[in-house]
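J.: Take a look and give me a structure for this.
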Amino acid sequence: MGPLSAAALPWTADLGDGGYRNPVLNADWSDPDVVRVGADYYMTASSFHRVPGLPILHSRDLVNWTIIGHALPTPEPAEAYARPRWGCGVWAPAIRHHAGLFWIFYPDPDHGLYVVTAENPAGPWSRPRLLKAGRGLIDPCPLWDADGKAYLVHAWAKSRAGFNNRLTLHKMSPDARRLLDAGTVVVDGDLIPGCRTLEGPKIYRHGGEYWIFAPAGGVEHGWQSVFRAGDPFGPYEHRIVLAQGDTEINGPHQGVWVDTPSGEHWFLHFQDRGAYGRVVHLQPMRWRPDDGWPVLGSDGTPVLGHRKPDTGWVGPPSAPAASDDFTGVTLGPQWGWHGLPDPAWWSLREPGLLRLACRQDTACGDLRALPNVLTQRLPATTFTATTSVTLAAASPGARAGLTVIGDSYAWVGLEETGDGPSLVHRVAPAVDEPERDASAPRPLPSGTTTVRLMVQVSGGARVTFRADRGAGWEPLGGEFTATPGRWVGASLGLFATAPEKSAPEKRAPEERGPAGHAAFGAFDVSGEERT
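T.: Purely as a prediction, here's the structure:
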């Protein structure tokens, strides 16, 4: 799709008057990390179980962002992600630029710390290389020092390692091919009164000293700490530099310090907002002239808005894409799968239509267990999404639709009954509850094969569905409150699936393919009216 006006975007942070509002990214861009190269800023974020992983966003002013690609088209090891692995996969990454290359260091808490590189941040990126194997290793960040030495700091996940609240520093070869020592705990949070769940370290050199920015206290009710030392291995002194205070911005959690060509300093961090995920805020930052410590936000509390950074860039407001008219040769970069995708699952051969195969699966009745659910982040606090769906050549039980999915989910769409498709609305109200009808199935009028679908999300992640069988929009069921998934917000998704006709080993060759297909029309997302 071409560029959209600000009025067509679900959310824009740029106020158009030289100021901005938080969050600058009002969607689930968890654990953001940013690097400036010249006048350009590049961001990556955690992607967890989503495929592709490691999204890459671009900005010229730290306020207006667009998605330009992914650094991890295929997870590593690929076979581990054939099915959804909620809460696993890519945790907090770090992106840097060194020796003419872009580098991303990222953790998979079940396998270890990986490195990918690229000359162009839009790709292609190298295949992941395992730098340090082990369970519970998370949140790596490199530092190439002015003297040519290199270091890597990381944290620990208690769920895998059995402990956390510690930051470990390694000497690293300058080419990042290997670590040169067993690692040293440079900050032990257990020795700091009140400190818990210390994680997400980012290491820098500034003013002749070493700095580690790291959050603690947990994503919902924590704070941002900074550690300072004259030597990379410490000893480090510390301060809390950003906390919720009397603001509505809980956390504030894990972020990144970045500067502008004009010499300003800024800090991006996330705020956990439940079903909406971990949205990204931008805070002004300065260094105190008396003692050299950083001051973030408004004297240590987050701001809801501010003047924009002085980067010299002037342009129209932008935000990551949400709508997709399906006229391109590939899916928009906002889309991802719940597991390792097969190219046979989808096609864009017919301009303006996305064709999804009704893939046979024993988990047909539980969307949370299917890898072939195509999703994107909830793009704003309040928005409406519409599409259309046609179910064709489908065997009984095949279904396709529009969903909002997390630990619980609801969907609206079509199901083949054997006598033609019916409009259905179903809900799985909790993580351990099966799917059930949220309203009675409704047959399609004679000669009708396509329905229009709508989902409306309002404050508090309250979700309502509507459908149009040819006589206008009709409400379906009651209100559904979306819930987050494991470490991720709820997602907006499309799917097509079918029950297996027989056990895999008993299927005839003609039964091994999809049980029909669904064709989705343009996916349109609109948001609040701006005045």
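J.: so residue 439 sits in a strand?
T.: Yes - assessed with DSSP: H, G, I helix; E, B strand; the rest coil, residue 439 lies in a strand.
J.: show me what contacts it?
T.: 425, 476-477 (CB atoms under 8 Å, 6 or more residues apart in numbering). For the C-beta atoms, the positions are set from N, CA and C on the backbone; glycine is no exception.
J.: Just among the residues you listed, which is most surrounded?
T.: residue 425 (24 neighbours; other CB atoms under 10 Å).
J.: wait, what's in contact with that one?
T.: 410-412, 437-439, 465, 467, 476-477.
J.: same thing with residue 326?
T.: With CB under 8 Å, 6+ apart, residue 326 has these contacts: 348, 351-354, 520-523.
J.: returning to that earlier point: among the contacts of residue 439, which lie within strands?
T.: In strands, defined here by DSSP state E, the members of the contacts of residue 439 are 425, 476-477.
J.: Quick one: which of the contacts of residue 439 has the lowest pLDDT value?
T.: Within the set of those, pLDDT is lowest for residue 477 (86).
J.: Relative to residue 42, how far out is the residue of the chain positioned farthest from its centre?
T.: Residue farthest from the centre of the chain, counting by CA atoms, centre = their mean, is residue 446 at 41.9 Å. If you measure residue 446 against residue 42 using CB to CB, to the nearest Å, the figure is 54 Å.
J.: swap in residue 196?
T.: Using CB to CB, residue 196 is found at 32 Å from residue 42.
J.: Equivalent analysis for residue 273, please.
T.: Counting by CB to CB, the separation of residue 273 from residue 42 is 24 Å.
J.: before we move on, what about residue 143?
T.: Noted for residue 143: a distance of 18 Å to residue 42, by CB to CB.
J.: what secondary structure does residue 368 sit in?
T.: Residue 368 ends up helix, using three-state DSSP.
J.: Residue 48 and residue 93 touch, don't they?
T.: No - shown here, residue 48 and residue 93 do not form a contact pair, counting by CB atoms under 8 Å, at 11.3 Å.
J.: Where do the helices of the stretch 101-250 of the chain begin and end?
T.: For the stretch 101-250 of the chain, helices defined by DSSP state H, counting those that start in this stretch occupy the ranges 158-161.
J.: what about the strands in it?
T.: Counting by DSSP state E, counting those that start in this stretch, one finds strands in the stretch 101-250 of the chain at the ranges 101-108, 112-118, 129-133, 137-144, 150-156, 166-172, 184-188, 202-206, 209-216, 223-229, 237-242.
J.: Farthest-apart pair in the contacts of residue 425, please.
T.: 437 and 467 (14.1 Å; CB to CB).
J.: neighbour count winner among those two?
T.: Under the criterion of other CB under 10 Å, the comparison of residue 437 against residue 467 puts residue 467 first, with 24 against 11.
J.: beta partners for that one?
T.: residue 453, residue 474 (DSSP bridges).
J.: list the contacts for it?
T.: Counting by CB under 8 Å, 6+ apart, the residues that residue 467 touches are 412, 423, 425, 451-454, 473-474, 476.
J.: now the residues you listed: which count as buried?
T.: Of the members of the contacts of residue 467, the ones counted as buried by neighbours, 16 or more other CB atoms under 10 Å, are 412, 423, 425, 451-454, 476.
J.: Can you lay out those residues as a markdown table showing distance to residue 113?
T.: Output for those, formatted as a markdown table (distance: CB to CB, whole Å):
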| residue | distance to residue 113 |
| --- | --- |
| 412 | 42 |
| 423 | 48 |
| 425 | 44 |
| 451 | 47 |
| 452 | 47 |
| 453 | 42 |
| 454 | 43 |
| 476 | 46 |
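J.: May I ask which two of the residues you listed are separated the most?
T.: Farthest pair in these, by CB to CB: 425 and 452, 13.9 Å.
J.: Spatially nearest residue to residue 259, not counting backbone neighbours?
T.: Spatial nearest neighbour of residue 259, chain neighbours left out: residue 265 (5.3 Å); criterion: CB to CB, 6 or more residues apart in numbering.
J.: my read: the one you found touches residue 282, true?
T.: No - with contact defined as CB under 8 Å, residue 265 and residue 282 do not form a contacting pair (11.6 Å).
J.: And the helices in the stretch 251-400 of the chain?
T.: Using DSSP H, counting those that start in this stretch, helices in the stretch 251-400 of the chain do not occur.
J.: can you map out the strands along it?
T.: Under DSSP E, counting those that start in this stretch, the stretch 251-400 of the chain gives strands at 253-259, 265-272, 278-287, 294-296, 305-307, 336-337, 346-347, 354-357, 359-360, 373-377, 383-392, 399-405.
J.: Where does the prediction get shaky in the protein?
T.: 1-8, 502-512, 528-531 (pLDDT under 70).
J.: One more pass at 80, please.
T.: Within the chain, the ranges that satisfy pLDDT under 80 run 1-8, 501-513, 528-531.
J.: Most widely separated two among the contacts of residue 326?
T.: Largest separation among those by CB to CB: 351 and 523, giving 14.1 Å.
J.: more neighbours, those two?
T.: Higher neighbour count among residue 351 and residue 523: residue 523, with 24 against 10, using other CB under 10 Å.
J.: so how far is residue 204 from that one?
T.: As judged by CB to CB, residue 523 and residue 204 stand 41 Å apart.
J.: Same question for residue 48.
T.: Residue 48 is 26 Å from residue 204, by CB to CB.
J.: who has more neighbours, those two?
T.: residue 48 (21 against 15).
J.: what's the closest non-adjacent residue to the more buried one?
T.: residue 89 (4.7 Å).
J.: my read: that neighbour touches residue 50, true?
T.: Yes - here residue 89 reaches residue 50: they are 7.2 Å apart, a contact under CB under 8 Å.
J.: ok, back up a step: out of residue 265 and residue 282, name the residue with the larger neighbour count.
T.: Ranked by neighbour count (other CB under 10 Å), residue 265 and residue 282 place residue 282 first, with 29 against 18.
J.: How about that one: which residues does it bridge to?
T.: Residues in beta-bridge contact with residue 282 (DSSP bridges): residue 268.
J.: cool, residue 305 as well?
T.: With DSSP bridges as the rule, residue 305 is bridged to residue 21.
J.: ok, it touching residue 17?
T.: No - at 10.7 Å, residue 305 does not count as touching residue 17 under the criterion of CB under 8 Å.
J.: count of residues packed around residue 461?
T.: Residue 461 has 21 neighbours, counted by other CB under 10 Å.
J.: and the gap between it and residue 215?
T.: Counting by CB to CB, the gap from residue 461 to residue 215 is 24 Å.
J.: for residue 67, same thing?
T.: 25 Å.
J.: Comparing those two, which shows the higher neighbour count?
T.: residue 215 (29 against 19).
J.: hey, what's the residue nearest to residue 493 when sequence neighbours are not counted bridged with?
T.: Once flanking residues are discounted, residue 493 sits nearest to residue 375: 3.8 Å by CB to CB, 6+ apart. Per DSSP bridges, the residues bridged to residue 375 are residue 336, residue 493.
J.: How about the contacts made by residue 375?
T.: Applying CB under 8 Å, 6+ apart, we find residue 375 in contact with 50, 335-338, 405, 491-494.
J.: isn't residue 293 right next to residue 286, touching?
T.: No - contact criterion CB under 8 Å: residue 293 and residue 286 do not qualify, at 10.1 Å.
J.: Centre of the chain to stretch 129-144, how far?
T.: Centroid displacement of stretch 129-144 relative to its chain, using CA atoms, centre = their mean, to the nearest Å, is 20 Å.
J.: quick one: buried residues of it?
T.: 131-132, 136-144.
J.: Could you do stretch 307-318 as well?
T.: 308-309, 311, 313, 317-318.
J.: Sweet, I'm off.
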